[in-house]
Structure formats: structure tokens, C-alpha cells
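Enquirer: here you go, sequence then predicted model.
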Amino acid sequence: MIGVGAFGRNHARVYKELEQQGEPLRLLGIVDQDVRRADAVGREFGCRSFGSLDQLLTTHSEVQAASVTVPTLHHLSVARKLIEAGVDVLIEKPLASTLAEADELLGMAKKHQRVAQVGHLERFNPAVRATIPFITQPMFFEVHRLSVFSPRALDVDVVLDLMIHDLDIVLSFVNSPVQEVRAVGLPILSGKTDIANVRLEFASGCVANLTASRVSTERIRKLRFFQPRQYISIDYGRQDVLVFTVGDSDATPSVNPQIGVVKPPIKSEEPLRAELRSFLDAVRQRSIPTVTLEDGRRALALALQIVDDIHRHGSRINLEKLASL
Ligand SMILES: NC(=O)c1ccc[n+]([C@@H]2O[C@H](COP(=O)([O-])OP(=O)(O)OC[C@H]3O[C@@H](n4cnc5c(N)ncnc54)[C@H](O)[C@@H]3O)[C@@H](O)[C@H]2O)c1
């Protein structure tokens, strides 16, 4: 475990739980440049702690896999060291801060033949997994990810912090390139964009509207989409899915007798647990992970395009002057 701040501690907790539940793994060590934090988390989960990655690697040459949960700006430097030491990596999302960094990671993982996964957690949300068999031809998405303000992850804006989860899901559902991006965003509390809305149009004609906010008064994480004869609604937080189908006489009638609704059975699981189990499986089997570095790069490229469009829109409407009024 490299980096045990707000989110990295969760990785450590889940690895320890998996170890205690009999998964063939051993949580060897916790690294954090904040030594007191490393020590505290090491004590909490019964393993050694280190103030630097070099110390861990020289003490434990048997390290096989690691989670990289340092701030995004440091993903490349930390993952580079691990990959060069022959360690497989799970790198948190967003994969990197720039596409050049992402490309360097892709090149290194390939050169050193490492299993490398990106932490796009929602792919492992049981509700998302239950939806996949129903996907035919999505034509319109409406996505909301709203959270209350907390002073974390402020090194990136809301697009790279929150919206990127949904960008990755929409890209994985729509098998078509993005053709047009129209975005708007505003800084509210952090000095970076805290609330953003984007309209994406795909070559297939599919349109996706996404809103992400980290300054909301409520917490909402919903993705809804329409495809021929169907409307599908995912609540990431509740881990449930509703599938409405026109003319489905086997389903329970909904508000309209011609529209049947089905709630697919879902086996609830903490998405992080499913993600780490999947990463460990890929490490053991030397297989391609469920979320590849290419997927992480694709979501990052779109997120950066949205960030650019937000800045263009800000200049067009003279946002700086508006903000100073
Ligand atoms: N998948 C998700 O849903 C999700 C949620 C939250 C955060 N994240 C991602 O996880 C990563 C960490 O986010 P966070 O909110 O936990 O950040 P954080 O600032 O709370 O924690 C980062 C930790 O890394 C340590 N650190 C920094 N540089 C280091 C280095 N070179 N070596 C060792 N330790 C170092 C810091 O001391 C700190 O303890 C980010 O990439 C973020 O985007 C993902």
C-alpha cells in the first residue's frame, strides 16, 4: 500500500479483510511519506510501515503487487518505481494528471510486462455489473454525481475527481467515439472547478448529459439511460437497477400498463472489495485486468477535453470578471 490518506486507508482495510477471510495474500507493508500516518495505519492493520517506497522495496524484495493511492500528481513517480522493481500495480483514478504521464505508464507496464489496473471503482459496483447484460444500444444518458464539500482531492477539479467515474462507465457502455463536447463549470469553494455539466455527443448519435458537483447539499449518484424500448436507472449508492421495458408482459406493470419494470437481483458487495479481488485474480493469473491502463487513459483524455472546454467557456463569458463582482 503506497499512500494511506483518506482513500488509501480503505485499500489497506480491504486487503486486510481479504487476508483474514482466507484469500491467498499477505499485506506486507504500508508506505506513506507522512510517517506518523504510515505508523498508525500499519498498527491498525498489523503490518510494517515505511516512510518511503525505497525502504519498503529494500526490506521486502518479495513484494508482488501494490496499490498506488498517493495524490494523482504523484501516480507516475510512484508507479514507475514499482513497475521497474517488477511489482504489479493498481493505480487509483484518475490514472495520471496528463496524457503524457499516462502514456509513460502504459509504455512502462508493457515493457516490464506488469499487470496494471486503474481504480475505476464503479465498474465493480454490483448495480453496474447487473446492468451490462441489458445493454443494447444506449441513445441518451442523464448522469448525476453530487457530493457535499470536503477538503480532499483538491489537487484536481471536479471533472477529474468525480465526473471521471461516470465518464469511464458511459465510455464502457457506448461503443462509439465521442464527437462533440460542450461543457460548463464553475469554481465555488476550492479555486478549481467544483461543479460541472457536460453534453457529449457520440458518432452513433448517442447523447450523454453529465453533472458532477462537490459542493452540493445532498449526495446523489445516479445514471439513467434510454435505449430502444427501454429505460434503465442505476443508483450507484443504493446498488440497485430498475429496467423499464415497453410491451414486456412478463414484467410487473409500472406507472403505465404498457411499460413493465424489472429489478434484477443484485448480490451486494463493497465495490472496493470486488475491485481488489479482481486485481489480485489478474495478478495471480497474469491476465488482462477488468479496467486496463488504456481504459484509464481513455477516460482521462475525455476528462481533460472537458476541462479544456470548461476553460474556453469561462473565457467566452469572462468568468473571472463575473466572479469578482
Ligand atoms: N476510486 C475512488 O473512488 C477514489 C476516491 C477517493 C480518492 N481516490 C484517488 O486516490 C488517490 C488518493 O486520494 P486521497 O483522497 O486518499 O488523498 P490524500 O491526500 O488523503 O492521501 C494521499 C496520501 O499519500 C501520501 N503521499 C503523497 N505522496 C507520497 C509519496 N510519494 N510516497 C508515499 N506517500 C505519499 C500522503 O502523505 C497522504 O497520506 C487519488 O488519486 C484520488 O484521486 C479515488
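Expert: Yep, that arrived.

Enquirer: okay, CA-based contacts and neighbour counts for the rest of this
Expert: Noted.

Enquirer: burial of Ala251, as a residue count?
Expert: 16 (other Cα atoms under 10 Å).

Enquirer: now do the contacts for it.
Expert: By Cα atoms under 8 Å, 6 or more residues apart in numbering, the residues touching Ala251 are Gly260, Val261, Val262.

Enquirer: quick check: mean pLDDT of the strand or helix carrying the second one?
Expert: Meaning Val261. Using DSSP states H and E, Val261 sits in strand 259-262. The pLDDT scores in strand 259-262 average 90.

Enquirer: following element in sequence after it, please.
Expert: Going down the chain from strand 259-262, the next helix or strand is helix 271-285, by DSSP H and E.

Enquirer: CA atoms of that following helix as PDB?
Expert: Backbone C-alpha positions of helix 271-285 (Å, rounded to 0.1, in the frame of the first residue of the first chain) are rendered in PDB as follows:
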ATOM      1  CA  PRO A 271     -17.100  -2.100  -4.800                       C
ATOM      2  CA  LEU A 272     -13.600  -1.700  -3.500                       C
ATOM      3  CA  ARG A 273     -13.600  -5.300  -2.300                       C
ATOM      4  CA  ALA A 274     -14.700  -6.500  -5.700                       C
ATOM      5  CA  GLU A 275     -12.100  -4.300  -7.400                       C
ATOM      6  CA  LEU A 276      -9.200  -5.500  -5.200                       C
ATOM      7  CA  ARG A 277     -10.300  -9.200  -5.600                       C
ATOM      8  CA  SER A 278     -10.400  -8.700  -9.400                       C
ATOM      9  CA  PHE A 279      -6.900  -7.100  -9.300                       C
ATOM     10  CA  LEU A 280      -5.500  -9.900  -7.300                       C
ATOM     11  CA  ASP A 281      -7.000 -12.500  -9.600                       C
ATOM     12  CA  ALA A 282      -5.400 -10.800 -12.600                       C
ATOM     13  CA  VAL A 283      -2.100 -10.700 -10.700                       C
ATOM     14  CA  ARG A 284      -2.300 -14.500 -10.000                       C
ATOM     15  CA  GLN A 285      -3.500 -15.500 -13.400                       C
END
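
Enquirer: other SSEs contacting the helix or strand Arg182 falls within?
Expert: In this structure, Arg182 sits in strand 178-187 according to DSSP H and E. Other helices and strands packing on strand 178-187, by 3 or more Cα pairs under 8 Å, 6 or more residues apart in numbering; DSSP states H and E, are strand 193-202, helix 293-316.

Enquirer: the residue of the stretch 201-325 of the chain found nearest the ligand - nearest residue in space that isn't next to it in sequence?
Expert: When Cα to the nearest ligand atom is the measure, the stretch 201-325 of the chain has its nearest residue to the ligand at Leu272, with 8.0 Å between them. With Cα to Cα, 6 or more residues apart in numbering as the measure, Leu121 is the residue that lies nearest to Leu272, at 6.3 Å, once sequence neighbours are left out.

Enquirer: how close does the one you found sit to the ligand?
Expert: Separation of Leu121 from the ligand (Cα to the nearest ligand atom, to the nearest Å): 5 Å.

Enquirer: give me the pLDDT value at the residue nearest the centre of the chain.
Expert: Centre of the chain computed as the mean C-alpha position; nearest residue by Cα atoms, centre = their mean is His120, 2.8 Å away. Model confidence at His120, expressed as pLDDT, equals 98.

Enquirer: what separation is there between it and Gln33?
Expert: 24 Å (Cα to Cα, to the nearest Å).

Enquirer: still on that earlier bit, okay, the contacts of Ala251 in JSON lines with neighbour count and distance to Arg312 next?
Expert: Output for the contacts of Ala251, formatted as JSON lines (neighbours: other Cα atoms under 10 Å; distance: Cα to Cα, whole Å):
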{"residue": "Gly260", "neighbour count": "20", "distance to Arg312": "44"}
{"residue": "Val261", "neighbour count": "23", "distance to Arg312": "42"}
{"residue": "Val262", "neighbour count": "17", "distance to Arg312": "43"}
